[in-house]
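In: structure for this input, please:
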Amino acid sequence: MNLTEILNNRYSVKEFDATKKISDADFKQVKDLLRLSPSSVNLQPWHFLIADTPEGKARIAKGTQGFFHFNTPKVLDASHVIVIAARTNADYAYMTSILEQEDKDGRFAAQEFKDQMHGGRMLFADIHKYDLKDLPHWMEKQVYLNMGSLLLGVAALGIDACPMEGVDVKALDEEFGLREKGYTALAVVSLGYRKDSDFNAALPKSRLPEEEIITVL
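Out: You can find the predicted model right below:
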(Lines give C-alpha, C1' and ligand atoms only; values in the text may rest on other atoms or scores of the structure.)
Protein backbone atom coordinates (compact mmCIF):
# COMPACT_ATOMS: atom_id res chain seq x y z
CA MET A 1 0.00 0.00 0.00
CA ASN A 2 1.34 3.41 -1.01
CA LEU A 3 -0.26 5.87 1.40
CA THR A 4 0.70 8.94 -0.65
CA GLU A 5 -1.04 7.50 -3.72
CA ILE A 6 -4.16 6.80 -1.68
CA LEU A 7 -4.18 10.32 -0.26
CA ASN A 8 -3.73 11.88 -3.69
CA ASN A 9 -6.48 9.73 -5.17
CA ARG A 10 -9.14 10.47 -2.56
CA TYR A 11 -11.31 13.57 -2.74
CA SER A 12 -14.83 14.67 -1.83
CA VAL A 13 -17.00 13.01 -4.46
CA LYS A 14 -19.59 15.26 -6.09
CA GLU A 15 -21.31 12.57 -8.18
CA PHE A 16 -21.80 8.96 -7.11
CA ASP A 17 -22.48 6.10 -9.50
CA ALA A 18 -25.86 4.86 -8.27
CA THR A 19 -25.34 1.49 -9.99
CA LYS A 20 -22.33 0.51 -7.88
CA LYS A 21 -22.63 -0.96 -4.37
CA ILE A 22 -20.08 -1.57 -1.64
CA SER A 23 -19.55 -5.31 -1.11
CA ASP A 24 -20.58 -6.96 2.16
CA ALA A 25 -16.93 -7.76 2.92
CA ASP A 26 -15.85 -4.14 2.46
CA PHE A 27 -18.84 -2.85 4.42
CA LYS A 28 -17.82 -5.03 7.36
CA GLN A 29 -14.45 -3.27 7.31
CA VAL A 30 -16.19 0.10 7.16
CA LYS A 31 -18.04 -0.79 10.35
CA ASP A 32 -14.73 -1.83 11.91
CA LEU A 33 -13.30 1.59 10.99
CA LEU A 34 -16.14 3.25 12.88
CA ARG A 35 -15.94 0.98 15.91
CA LEU A 36 -12.16 0.85 16.30
CA SER A 37 -11.44 4.56 15.93
CA PRO A 38 -9.28 6.21 18.61
CA SER A 39 -10.76 8.70 21.07
CA SER A 40 -9.50 10.57 24.11
CA VAL A 41 -9.56 8.32 27.20
CA ASN A 42 -11.40 5.76 25.03
CA LEU A 43 -14.56 7.85 25.42
CA GLN A 44 -16.19 6.65 22.17
CA PRO A 45 -18.91 9.33 22.32
CA TRP A 46 -20.53 8.45 19.01
CA HIS A 47 -23.36 6.69 17.25
CA PHE A 48 -23.80 5.97 13.54
CA LEU A 49 -26.96 5.55 11.51
CA ILE A 50 -26.19 3.77 8.23
CA ALA A 51 -28.54 3.48 5.28
CA ASP A 52 -28.03 1.40 2.14
CA THR A 53 -31.64 1.11 0.99
CA PRO A 54 -33.66 3.70 -0.97
CA GLU A 55 -35.99 4.05 2.00
CA GLY A 56 -33.19 4.64 4.49
CA LYS A 57 -31.36 7.08 2.25
CA ALA A 58 -34.62 8.99 1.65
CA ARG A 59 -34.96 9.49 5.40
CA ILE A 60 -31.42 10.86 5.63
CA ALA A 61 -32.08 13.04 2.59
CA LYS A 62 -34.68 14.92 4.68
CA GLY A 63 -31.64 16.64 6.19
CA THR A 64 -30.77 18.08 2.78
CA GLN A 65 -34.10 19.72 2.01
CA GLY A 66 -34.31 23.47 1.49
CA PHE A 67 -31.01 25.31 1.62
CA PHE A 68 -28.94 22.10 1.50
CA HIS A 69 -30.72 20.63 -1.55
CA PHE A 70 -27.41 20.54 -3.46
CA ASN A 71 -26.37 17.60 -1.29
CA THR A 72 -29.49 15.51 -1.94
CA PRO A 73 -28.04 13.54 -4.90
CA LYS A 74 -24.93 12.74 -2.88
CA VAL A 75 -27.20 10.99 -0.39
CA LEU A 76 -29.62 9.28 -2.76
CA ASP A 77 -27.02 8.06 -5.30
CA ALA A 78 -24.42 6.79 -2.82
CA SER A 79 -24.08 3.14 -1.94
CA HIS A 80 -24.15 3.72 1.82
CA VAL A 81 -24.82 6.88 3.82
CA ILE A 82 -23.78 7.46 7.41
CA VAL A 83 -25.28 9.96 9.85
CA ILE A 84 -22.54 10.72 12.33
CA ALA A 85 -23.82 11.66 15.76
CA ALA A 86 -22.17 12.71 19.02
CA ARG A 87 -23.26 12.13 22.58
CA THR A 88 -24.68 15.18 24.31
CA ASN A 89 -23.52 14.09 27.76
CA ALA A 90 -21.05 11.75 29.40
CA ASP A 91 -22.82 10.85 32.62
CA TYR A 92 -21.68 8.42 35.28
CA ALA A 93 -23.76 5.56 33.86
CA TYR A 94 -22.11 5.90 30.46
CA MET A 95 -18.63 6.14 31.95
CA THR A 96 -19.31 3.00 33.96
CA SER A 97 -20.52 1.15 30.86
CA ILE A 98 -17.22 1.90 29.09
CA LEU A 99 -15.27 0.70 32.11
CA GLU A 100 -17.21 -2.54 32.36
CA GLN A 101 -16.71 -3.23 28.65
CA GLU A 102 -12.96 -2.68 29.04
CA ASP A 103 -12.97 -5.08 32.00
CA LYS A 104 -14.92 -7.64 29.98
CA ASP A 105 -12.38 -7.32 27.16
CA GLY A 106 -9.55 -8.09 29.57
CA ARG A 107 -7.83 -4.72 29.81
CA PHE A 108 -7.32 -4.81 33.59
CA ALA A 109 -4.99 -7.30 35.24
CA ALA A 110 -6.02 -6.08 38.70
CA GLN A 111 -8.78 -4.00 40.29
CA GLU A 112 -6.35 -1.15 40.98
CA PHE A 113 -5.77 -0.66 37.24
CA LYS A 114 -9.51 -0.57 36.65
CA ASP A 115 -9.92 2.02 39.39
CA GLN A 116 -7.09 4.12 37.96
CA MET A 117 -8.64 4.08 34.49
CA HIS A 118 -12.03 5.09 35.81
CA GLY A 119 -10.57 7.85 37.98
CA GLY A 120 -8.49 9.26 35.12
CA ARG A 121 -11.38 9.24 32.68
CA MET A 122 -13.71 10.94 35.16
CA LEU A 123 -11.00 13.52 35.90
CA PHE A 124 -10.70 14.53 32.25
CA ALA A 125 -14.47 14.61 31.82
CA ASP A 126 -14.84 16.83 34.90
CA ILE A 127 -12.16 19.21 33.61
CA HIS A 128 -14.13 19.68 30.42
CA LYS A 129 -17.48 19.80 32.22
CA TYR A 130 -16.66 22.16 35.09
CA ASP A 131 -13.39 23.98 34.37
CA LEU A 132 -13.29 24.41 30.60
CA LYS A 133 -17.08 24.12 30.28
CA ASP A 134 -16.75 22.57 26.82
CA LEU A 135 -17.84 18.98 27.42
CA PRO A 136 -20.09 18.74 24.30
CA HIS A 137 -17.39 20.29 22.12
CA TRP A 138 -14.76 17.94 23.55
CA MET A 139 -16.91 14.96 22.70
CA GLU A 140 -17.55 16.33 19.20
CA LYS A 141 -13.79 16.54 18.63
CA GLN A 142 -13.49 12.83 19.37
CA VAL A 143 -16.21 12.12 16.80
CA TYR A 144 -14.34 14.15 14.19
CA LEU A 145 -11.27 12.00 14.88
CA ASN A 146 -13.47 9.08 13.94
CA MET A 147 -14.59 10.74 10.72
CA GLY A 148 -11.00 11.43 9.71
CA SER A 149 -10.12 7.79 10.33
CA LEU A 150 -13.13 6.75 8.27
CA LEU A 151 -12.19 8.89 5.26
CA LEU A 152 -8.65 7.55 5.11
CA GLY A 153 -9.72 3.98 5.79
CA VAL A 154 -12.34 3.81 3.07
CA ALA A 155 -9.91 5.37 0.60
CA ALA A 156 -7.49 2.53 1.38
CA LEU A 157 -10.32 0.12 0.54
CA GLY A 158 -10.88 1.84 -2.80
CA ILE A 159 -14.19 3.33 -1.65
CA ASP A 160 -15.01 6.96 -2.41
CA ALA A 161 -16.58 9.32 0.10
CA CYS A 162 -18.13 12.72 0.57
CA PRO A 163 -18.25 14.20 4.10
CA MET A 164 -21.01 16.78 4.48
CA GLU A 165 -21.62 19.34 7.19
CA GLY A 166 -24.06 20.95 4.75
CA VAL A 167 -27.05 19.23 6.27
CA ASP A 168 -29.87 20.24 8.59
CA VAL A 169 -28.76 18.53 11.79
CA LYS A 170 -31.94 19.50 13.63
CA ALA A 171 -34.02 17.80 10.94
CA LEU A 172 -31.87 14.68 11.27
CA ASP A 173 -32.16 14.75 15.04
CA GLU A 174 -35.93 14.91 14.73
CA GLU A 175 -36.19 12.27 11.99
CA PHE A 176 -34.26 9.71 14.02
CA GLY A 177 -35.16 10.81 17.56
CA LEU A 178 -31.49 11.36 18.33
CA ARG A 179 -31.85 13.95 21.08
CA GLU A 180 -34.20 11.72 23.04
CA LYS A 181 -31.52 9.04 22.88
CA GLY A 182 -28.77 11.39 24.12
CA TYR A 183 -27.18 12.19 20.75
CA THR A 184 -27.12 14.94 18.15
CA ALA A 185 -26.17 14.74 14.47
CA LEU A 186 -22.91 16.38 13.40
CA ALA A 187 -22.45 15.44 9.76
CA VAL A 188 -23.27 12.96 7.03
CA VAL A 189 -20.76 10.87 5.08
CA SER A 190 -21.79 9.27 1.81
CA LEU A 191 -19.83 6.26 0.57
CA GLY A 192 -19.72 4.58 -2.81
CA TYR A 193 -17.92 4.99 -6.11
CA ARG A 194 -17.32 8.10 -8.19
CA LYS A 195 -19.16 8.66 -11.43
CA ASP A 196 -17.07 9.13 -14.57
CA SER A 197 -18.65 12.55 -15.09
CA ASP A 198 -17.65 13.85 -11.63
CA PHE A 199 -15.82 17.09 -12.39
CA ASN A 200 -13.94 17.00 -9.10
CA ALA A 201 -12.13 13.82 -10.09
CA ALA A 202 -10.31 15.59 -12.92
CA LEU A 203 -9.16 18.55 -10.86
CA PRO A 204 -5.62 18.53 -9.39
CA LYS A 205 -5.34 18.24 -5.63
CA SER A 206 -4.39 21.51 -3.98
CA ARG A 207 -2.71 21.76 -0.60
CA LEU A 208 -0.43 24.26 1.10
CA PRO A 209 3.26 23.46 0.52
CA GLU A 210 5.08 21.22 2.98
CA GLU A 211 7.53 23.93 4.01
CA GLU A 212 4.65 26.18 5.03
CA ILE A 213 2.82 23.76 7.27
CA ILE A 214 5.56 21.47 8.61
CA THR A 215 8.48 22.48 10.78
CA VAL A 216 10.95 19.71 11.54
CA LEU A 217 12.79 20.35 14.81
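
In: look up how far residue 135 lies from residue 91.
Out: Here the distance between residue 91 and residue 135 works out to 10 Å (C-beta to C-beta, to the nearest Å). The C-beta positions use only the backbone N, C-alpha and C, and glycine is treated the same way.

In: pick out whichever of the two has more residues nearby.
Out: residue 135 (19 against 11; other C-beta atoms under 10 Å).

In: pretty sure that one contacts residue 128?
Out: Yes - counting by C-beta atoms under 8 Å, residue 135 does reach residue 128; the two are 4.6 Å apart.

In: got any residues that touch both of these two?
Out: Among the neighbours of residue 135, none is also in contact with residue 128 (C-beta atoms under 8 Å, 6 or more residues apart in numbering).

In: where does the closest residue in space to residue 87 that isn't next to it in sequence land on pLDDT?
Out: In this structure, residue 87 finds its nearest non-sequential neighbour in residue 45, 3.9 Å apart by C-beta to C-beta, 6 or more residues apart in numbering. pLDDT, the model's per-residue confidence, is 98 for residue 45.

In: tally of neighbours for residue 45?
Out: Residue 45, neighbours per other C-beta under 10 Å, totals 25.

In: what values do phi and psi take at residue 186?
Out: Phi and psi for residue 186, reported as degrees, to the nearest 10, are phi -110, psi -40.

In: tell me how far it lies from residue 158.
Out: Separation of residue 186 from residue 158 (C-beta to C-beta): 26 Å.

In: the two: which is more packed in?
Out: Between residue 186 and residue 158, counted using other C-beta under 10 Å, residue 186 has the larger neighbour count: 19 against 12.

In: who's in contact with that one?
Out: Contact analysis of residue 186 by C-beta under 8 Å, 6+ apart lists 84-86, 140, 143-144, 165, 169.

In: residue contacts, the residue lying closest to residue 168 once chain neighbours are set aside?
Out: Distances taken as C-beta to C-beta, 6+ apart put residue 63 closest to residue 168, at 4.8 Å, once the chain neighbours are dropped. If you count contacts by C-beta under 8 Å, 6+ apart, residue 63 has them with 83, 167-169, 171-172, 175, 185, 188.

In: residues near the nearest residue to residue 12 once chain neighbours are set aside, how many?
Out: Spatial nearest neighbour of residue 12, excluding adjacent residues (C-beta to C-beta, 6+ apart): residue 162 at 4.9 Å. By other C-beta under 10 Å, the residues close to residue 162 number 23.

In: what about residue 154, how many residues close to it?
Out: Residues lying near residue 154 (other C-beta under 10 Å) number 22.

In: pretty sure it sits against residue 33.
Out: Yes - between residue 154 and residue 33 there is a contact at 7.0 Å, judged by C-beta under 8 Å.

In: hang on, the earlier thing: what are the phi and psi values at the residue nearest to residue 87?
Out: phi -90, psi 50.

In: doesn't residue 144 make contact with it?
Out: No - Residue 45 lies out of contact with residue 144 (C-beta under 8 Å); the separation is 11.0 Å.

In: mind checking the longest helix of the protein?
Out: Secondary structure of the chain per DSSP state H: the longest helix is helix 135-156.
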